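Chemist: quick one, what's the 3D model for this:
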Amino acid sequence: MTQRDIFFVANEVNELGGVGRWQPQMAGLLAERGHRVTVVGIAPANHPMDLGDQPPFRTVTLYARRPPGRPRPRRTLGRLDPAVRRHEIHMRAAASRLSTLFQAARPGAMIIVPQVWAMEWVALADTAGHPVIGMTHESFETSRKSSRFARVKKYYKDVDRLLALTREDADRWAVEGMNNVGFMPNPLSIEPGTPSPRTEKVVANVGRLSHEKGVDLLLDAWAEAAPKQPGWTLRIYGRGEAEAQLRQQCARLGLEDSVDFAGQTDDVPGALRASSVFVQSSRGEGFPLVLLEAMATGVPCVAFDCAPGVREIVTHEEDGLLVRPGNTSELARHLVRLMSDAHLRDTMGDRALHNVRRFDPDVITQRWEALFDFLER
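Modeler: Just a heads-up that it's a prediction; the model follows:
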């Protein structure tokens, strides 16, 4: 196996969130195989995640403070606008630090850019001939509804490979003219082990309390489900900007006795093993790690089928239940099915524990190694 210099260049080194959790895991897996890994962040994290005392990779952050957004040029001046020119000078200065890192790398190095904002700096850098792998960690549909869609098409069109999270999303990017596209699922972030006994009357939800995660929809569904299964608790783990509004909604729906806002947890597997059902009510997702984690603890999942990554992970009526996006009554019915039927919970939970092994970290890391070898040819 070729030992390589591998660079991850992302918005931040250790931002709390999906990419923030995936990046140190993937960097660590590659470092364990003998690669020399550097994780580069454009800016410091707003909500930093602890990487431990001695992560097996080097970290570099280009800016001491988050740089301002690209100014909109005044119509009469265009790119001659002094504010635009100052912004470009600062970007090029930061990109020169990337150039220095890339130029010092050994032959066979790989540059992985998991977020398109970071790609704006990589595009200005001298990549020294090393292959560049761009990634989009959200579904095609979610990207299409945001400003990132045009930026993915602009900044990733000439990279050596653009990776989506699923084949379905890769095909949709190909229809958009991206002829360099492939797909790579996320690896399982915890080792499948002792499953939940699935005896606690707890439905768990884990994620940021934001509009995108749809906890407001979950509360509406819980208002239908809870009266049909007295004694069950919906335990919501997470913090976020929507928390106060969600607590008000909970009170308005009269759910305070059956909903527990448990705050952020540093022990997601423990929280999942203390539950019997996991529910995800997101409006949009990429390849949700917490679904993998729930399955790895033997907890059956009920989830809105809001992205190809969700149905890539959960097989409906086999190891979990999928719900039409936004349909809170259907979500309530599926929750009640699992809450009321211990045999169904056990059957689906056991299948989930078995099926999730296809995302074993060794399997996914070998796929990355194969991609590196292919791009080096």
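Chemist: export stretch 111-120 to PDB, keeping only CA atoms.
Modeler: What follows is stretch 111-120, C-alpha atoms only, in PDB (Å, rounded to 0.1, in the frame of the first residue of the first chain):
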ATOM      1  CA  ILE A 111      -6.300  16.800  -1.600                       C
ATOM      2  CA  ILE A 112      -9.900  16.200  -0.300                       C
ATOM      3  CA  VAL A 113     -12.200  19.200  -0.100                       C
ATOM      4  CA  PRO A 114     -15.500  18.200   1.700                       C
ATOM      5  CA  GLN A 115     -17.100  21.700   1.600                       C
ATOM      6  CA  VAL A 116     -17.500  24.000  -1.300                       C
ATOM      7  CA  TRP A 117     -16.700  27.200   0.600                       C
ATOM      8  CA  ALA A 118     -13.200  25.800   1.300                       C
ATOM      9  CA  MET A 119     -12.900  24.900  -2.400                       C
ATOM     10  CA  GLU A 120     -12.800  28.700  -3.200                       C
END
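Chemist: residues contacting it, please?
Modeler: Residues outside stretch 111-120 that contact it (C-beta atoms under 8 Å, 6 or more residues apart in numbering) are 6-11, 19, 22-23, 40-42, 91, 102, 122, 127, 130-137, 148, 151-152, 155-156, 159. All C-beta spots, glycine's among them, are computed from the backbone N, C-alpha and C.
Chemist: quick one: distance of it to the chain centre.
Modeler: 15 Å (C-alpha atoms, centre = their mean, to the nearest Å).
Chemist: now do that stretch, average pLDDT.
Modeler: Average pLDDT, stretch 111-120: 98.
Chemist: for the stretch 251-377 of the chain, just list every one of the strands.
Modeler: For the stretch 251-377 of the chain, the strands defined by DSSP state E, counting those that start in this stretch cover 259-263, 277-280, 301-304, 320-323.
Chemist: ugh, typo on my part, it should be the stretch 51-200 of the chain
Modeler: Under DSSP E, counting those that start in this stretch, the stretch 51-200 of the chain gives strands at 58-61, 110-113, 132-135, 161-164, 181-183.
Chemist: now render these as TSV, adding mean neighbour count and distance to E191.
Modeler: Output for the strands of the stretch 51-200 of the chain, formatted as TSV (neighbours: other C-beta atoms under 10 Å; distance: least, C-beta to C-beta, whole Å):
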stretch	mean neighbour count	distance to E191
strand 58-61	15	25
strand 110-113	25	24
strand 132-135	24	24
strand 161-164	24	25
strand 181-183	19	24
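Chemist: now K228: how far from S281?
Modeler: 18 Å (C-beta to C-beta, to the nearest Å).
Chemist: of those two, which one has the most company?
Modeler: More crowded of K228 and S281, by other C-beta atoms under 10 Å: S281, with 25 against 13.
Chemist: please report the distance of the more buried one from L335.
Modeler: With C-beta to C-beta as the criterion, S281 and L335 are 10 Å apart.
Chemist: what's the overlap in contacts for these two?
Modeler: A221.
Chemist: what residue spans form the domains of the chain?
Modeler: 5-187+360-376, 202-359 (automatic domain parsing).
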